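Trainee: Quick one: sequence plus predicted model below, questions after.
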Amino acid sequence: MSRHSELKKAVLRSVYEDNAGIPRSGQDPRRTRHATVAPAPAPGSGYRNKVVLAVLLMVIALLGVNFRLVTVDGSGPVAKQVQDNQSSNLTTASLFLPDASEGEPALDKKRPADLEPARILKDSARVTSSHYDAMLASLGMPMADLFNLKVQTIVIDPGHGGIDPGATGQRGLKEKDVTLDIARRLRDKLAASGDYRVLLTREEDRKVFLKERVAFAKTSHADLFISIHINSLPPGAESVNYLETYYFGPHTDQRSLELAEKENRESDYAIGDFRGVIARIGDTLKTQESRDLADSIHRHLFSDLKRINHDLSDAGSKTGPFMVLLGVDVPSVLVEVSCISNKAEETRLGRPEYRDSVADFLKSGIVEYLERRSYPGTIQKGKTQYVVKQER
Amino acid sequence: MSSSKKDKMIYIGIDLGTSRSVVSASNGNRKWVESYVGWPKDFVAKKMLGKRVLFGSEALDHRLALNLSRPLENGVIKEGTERDDAAVHELIGHLIELAGVGPDDEVCVAVGVPAEALKVNKIAIRNAVTDHAKKMMVVSEPFSVAYGLGTLDNAMIIDIGAGTVDFCIMHGTVPTEEDQRSLLVAGDYVDEQLMKLLTEKHPEADFSLNMVRRFKEKHGFVGEPKRRVKVEAPVDGKFTEFDITEEMRKACESPMPAIVETVIDLVANFDPEFQESVRKNIIVAGGGSQLSGLDSYLGEATRQFAPCTFTCISDPLYAGADGALELATDMPEEFLEKL
């Protein structure tokens, strides 16, 4: 047999093996994913609604409804009577078990059931925002953990699109194409676990206004929002290439402000809208979680990318006044993956395998954040570990 | 499968491209269609057009009455959009129909797709084909071209399509991800550049993207022009002649630096012992290979780094489909049985 025939035979075998590995019709992970994704959460199951529920629970707790604190070792419930709500010195201390040295708290000093409706109303009127602040300040743990808020829906936002190409590299590579490709890959990787419903704010090359992106996150009942962008630096700085990750907050330097101004263009927000959303800046839960998510993504993306991209610099995980982050009610971050204005980086971003790696590293950061949150409710208090259990 | 059964089978090679899709069958039929699929927007359009779905230039001609899809734009199925999934399904069905397959014929199909689509949409494409054929395989376009030309070892194929430029190094097996590259600066990018240059230079003229694409396909060149490029476009409704030689050259050369750099990069990363062989065996395929002067331009551009020999194939329209057909025909029975 001639060498060419041998070669042909080997190639045909490779083609066969390559194709035999493709799942048969009906096994399409994309279709499977669509078929098995958790149904759109019913109203009330989204992160925002959970926050509302959490606040309501706090009010109830402050009024005296029993939170049951159970030791981790399962030694049985240790009922903790919330302190007398008639006291004008309402503090969050009532939510925590005393140290073991303090002994068993007095039980049934005043059961919630004993409270008359009129009394509850009267007491609830006394609860002010300062009480919540005091409670949050003394929690010693993320509020999301305390209330076991779960992530079900992740919205990924590929920056720019359609007539808005975003930044364009020297060789013509457009930010809108790179962000969409990375977002698709990230979506597939995250959805593969079957644990999350993962959605994109745009599935194709089309213009989507910032306001539409925010509205999409809300109507989809997003629990996490991750916006993907590629940076571009002005002429003269083409040799620079860095990664930075943002969550909403005041700008930390002039460059962050300029970048936010650039990404906020065509935000389509009216001044009235802006006043509405700016009022939510102090959302403690969102800020806590956004910071944790940004830190986790940034740490993974930088350390992993640096291994294959030695000229990448670390511009940090930080706050910035991005409208898209402000408008979304749930933990949200904006990742500027690298600089397309850097010629070598543009070449790398043009390669599918590099974009795939970026998606992989983003996934690692998100997964680490989610895994850390999958063991919620653990409170370290003295030497005893307790888990807060919500009465449902 | 008995040999008589194999004899009765109709083999089909399909090149599913961003711009054009081509079919080549063992019964001798060879056809192509522009990769557009359109469904009538409403019952009025359906009644007027008299068809459930339209393809190619017919769809393009009636685009105002249709929900039009060009499913492999940018070299991949726009994932998540059901319309594009459905368009691929319809397009493959239409190509098999064009191949003259009867309802009772047993069919074996090999489909060549852009390299990026092979990676991202392999399963979606397989599902689209399995409704029309029981035996099928999906490969990348540059690979099917290489197979058809018999360049299976120590060769590089550059497939310049509309959505992507795909590079693939052949070394006696199915190319892995490391052997392949894709650039997004391809035919559509050239059209955009030409449109931009013409609109800037002749703001008074009405150019459309379709017109510009036709200009490129007829007159596209790189390097020194062999003749002046003169075209007609309407100005206030009256057709006027324009000399677009310089704009055409600039637009057609716009993806060249990236192509040259990728070639050098791929060669440099190949086994040093075989680099020389690869450099002398670079095949340029796809619609972009029809640009006049391309082989000598690329040869000149790579001379200062590592002299390379580029050969543009003679039948770029059918090379992918013919290669896929050959692949389907050559596939041994024991493998075919399990596909």
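Mentor: Thanks, I have it.
Trainee: Which phi and psi values does the residue in the stretch 151-300 of chain B positioned nearest to chain A adopt?
Mentor: Nearest residue of the stretch 151-300 of chain B to chain A: B:Val174, at 3.8 Å (C-beta to the nearest C-beta). Where you see a C-beta, it was placed from the backbone N, CA and C, and this is true even at glycine. Dihedral angles of B:Val174 (phi, psi; degrees, to the nearest 10) stand at phi -70, psi 130.
Trainee: where are the low-confidence patches of the stretch 51-200 of chain A?
Mentor: Residue ranges of the stretch 51-200 of chain A with pLDDT under 70: A:51-150.
Trainee: Who are the contact partners of the residue of the stretch 151-300 of chain B closest to chain A?
Mentor: By C-beta atoms under 8 Å, 6 or more residues apart in numbering or on different chains, the residues touching B:Val174 are A:Val11, A:Ser14, A:Val15, A:Asp18, B:Val139, B:Phe143.
Trainee: Remind me which helix or strand A:Glu244 belongs to.
Mentor: According to DSSP states H and E, A:Glu244 maps onto strand A:242-248.
Trainee: partners of that strand in the sheet?
Mentor: strand A:313-320 (parallel), strand A:332-339 (antiparallel) (DSSP bridges).
Trainee: weakest of these in terms of mean pLDDT?
Mentor: When these are compared on average pLDDT, strand A:313-320 comes out lowest at a mean of 85.
Trainee: following that strand, which helix or strand comes up?
Mentor: The helix or strand immediately downstream of strand A:313-320 is helix A:323-327, counting by DSSP H and E.
Trainee: Determine the set of other helices and strands touching that next one.
Mentor: Counting contacts by 3 or more C-beta pairs under 8 Å, 6 or more residues apart in numbering or on different chains; DSSP states H and E, helix A:323-327 is packed against helix A:210-219, strand A:224-231, strand A:242-248, helix A:254-264, helix A:271-278, strand A:332-339.
Trainee: which stretch in the ones you listed is the model least sure about?
Mentor: helix A:271-278 (a mean of 48).
Trainee: Give me the buried stretch members for stretch B:134-147, please.
Mentor: Neighbour-count burial for stretch B:134-147, with 16 or more other C-beta atoms under 10 Å in any protein chain shown as criterion, is recorded at B:135-147.
Trainee: so who does B:Asn29 touch?
Mentor: Counting by C-beta under 8 Å, 6+ apart, B:Asn29 touches B:Val23, B:Leu98, B:Ala99, B:Gly100.
Trainee: one more time with 7 Å, if that's ok
Mentor: Neighbouring residues of B:Asn29 by C-beta atoms under 7 Å, 6 or more residues apart in numbering or on different chains: B:Leu98, B:Ala99, B:Gly100.
Trainee: top of those residues by neighbour count?
Mentor: Within the contacts of B:Asn29, most neighbours by other C-beta atoms under 10 Å in any protein chain shown means B:Ala99, with 26 neighbours.
Trainee: wait, that one sits on B:Ala25?
Mentor: Yes. The pair B:Ala99 and B:Ala25 passes the contact test of C-beta atoms under 7 Å, sitting 3.9 Å apart.
Trainee: Overlap in contacts, those two.
Mentor: In the contact map built from C-beta under 7 Å, 6+ apart, the residues linked to both B:Ala99 and B:Ala25 are B:Ile12.
Trainee: before we move on, the earlier item: pull the most distant pair out of the buried residues of stretch B:134-147.
Mentor: B:Lys135 and B:Pro142 (22.9 Å; C-beta to C-beta).
Trainee: Do me a favour and get the backbone dihedrals for the closest residue to chain B within the stretch 201-350 of chain A.
Mentor: Of the stretch 201-350 of chain A, the residue with the smallest distance to chain B, taken as C-beta to the nearest C-beta, is A:Glu203 at 3.7 Å. The phi/psi pair for A:Glu203 (degrees, to the nearest 10) reads phi -100, psi -10.
Trainee: number of nearby residues for it?
Mentor: 19.
Trainee: and chain A, which of its residues are near chain B?
Mentor: For chain A, the contact set with chain B under C-beta under 7 Å from any C-beta of the partner chain comprises A:4, A:7-8, A:10-12, A:14-16, A:18-20, A:22-23, A:25, A:28-30, A:171-173, A:177, A:184, A:200, A:203-204, A:347, A:350-353.
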